[in-house]
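> When you get a sec, could you give me coordinates for this:
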Amino acid sequence: MFKSLRFCFTALALVAMFALSAMAQSTVTGAINGTVTNPNKEVVAGATITAKNNGTNKEATATTDDNGGFKLVNLEPGTYTVTVNGSGFAPLSNENVVVEVGRSTTFDAPLSLQGVTGT
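Below you'll find the model as predicted:
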């Protein structure tokens, strides 16, 4: 009886170790999140955010929600160029947004009005 109980305990301990090991290795990506605002600090819904990995040229896109928020997930670690475009606003770009494994990098984007030209 004691021998079978010890075997069950050892087996359970091994299963737990393997499960924890698998969970620790499952996170190999990061994310970028943030809020897009206008010059009056009001949120901008419907803006397009593009993140391009500077090393691999892979791109990911998102659109801001009704609260001006966005989140790009499952991004490989590296340095990204993030571009934000909103209707009626000048494009905003940052070429040095760092994504790390298991973390979400905050990138808030205060847009400015697009210049108006007329004749």
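
> Leaving out chain neighbours, which residue sits closest to the residue nearest to the spatial centre of the chain?
The centroid of the chain falls nearest to A31 when counting by C-alpha atoms, centre = their mean (2.0 Å). Distances taken as C-beta to C-beta, 6 or more residues apart in numbering put S104 closest to A31, at 4.1 Å, once the chain neighbours are dropped. In short, each C-beta sits where N, CA and C put it, glycine included.

> Give me the pLDDT for S4.
At S4, the model reports a pLDDT of 62.

> just to revisit the earlier point, show me what the one helix or strand the residue nearest to the centre of the chain maps to is packed up against.
Taking DSSP states H and E as the definition, A31 sits inside strand 30-37. Secondary-structure packing of strand 30-37 (3 or more C-beta pairs under 8 Å, 6 or more residues apart in numbering; DSSP states H and E): strand 48-53, strand 69-75, strand 78-85, strand 92-99, strand 104-106, strand 109-110.

> P39: which of those strands is closest?
Closest to P39 of the helices and strands packed on strand 30-37, according to C-beta to C-beta: strand 109-110, at 7.4 Å.

> Partner strands of that closest one and their direction?
strand 30-37 (parallel) (DSSP bridges).

> got the buried residues for the strand it pairs with?
Residues of strand 30-37 classed as buried: 30-37 (neighbour count, 16 or more other C-beta atoms under 10 Å).

> Next: stretch 101-112.
For stretch 101-112, by 16+ other C-beta under 10 Å, it's 104-105, 107, 109, 111.

> One more: stretch 69-89?
For stretch 69-89, a neighbour-count test (16+ other C-beta under 10 Å) marks 70, 72, 75, 77, 80-84, 86, 89 as buried.

> Please apply the same query to stretch 38-47.
The neighbour-count check on stretch 38-47 (16+ other C-beta under 10 Å) flags 38, 44, 47 as buried.

> now, which of those residues sits nearest T64?
A47 (4.5 Å).

> nearest spatial neighbour of that closest one, skipping sequence neighbours?
A47 sits nearest to G86 (C-beta to C-beta, 6+ apart), 3.7 Å away.

> can I assume that neighbour is in contact with L111?
Yes. G86 lies in contact with L111 (C-beta atoms under 8 Å); the separation is 5.4 Å.
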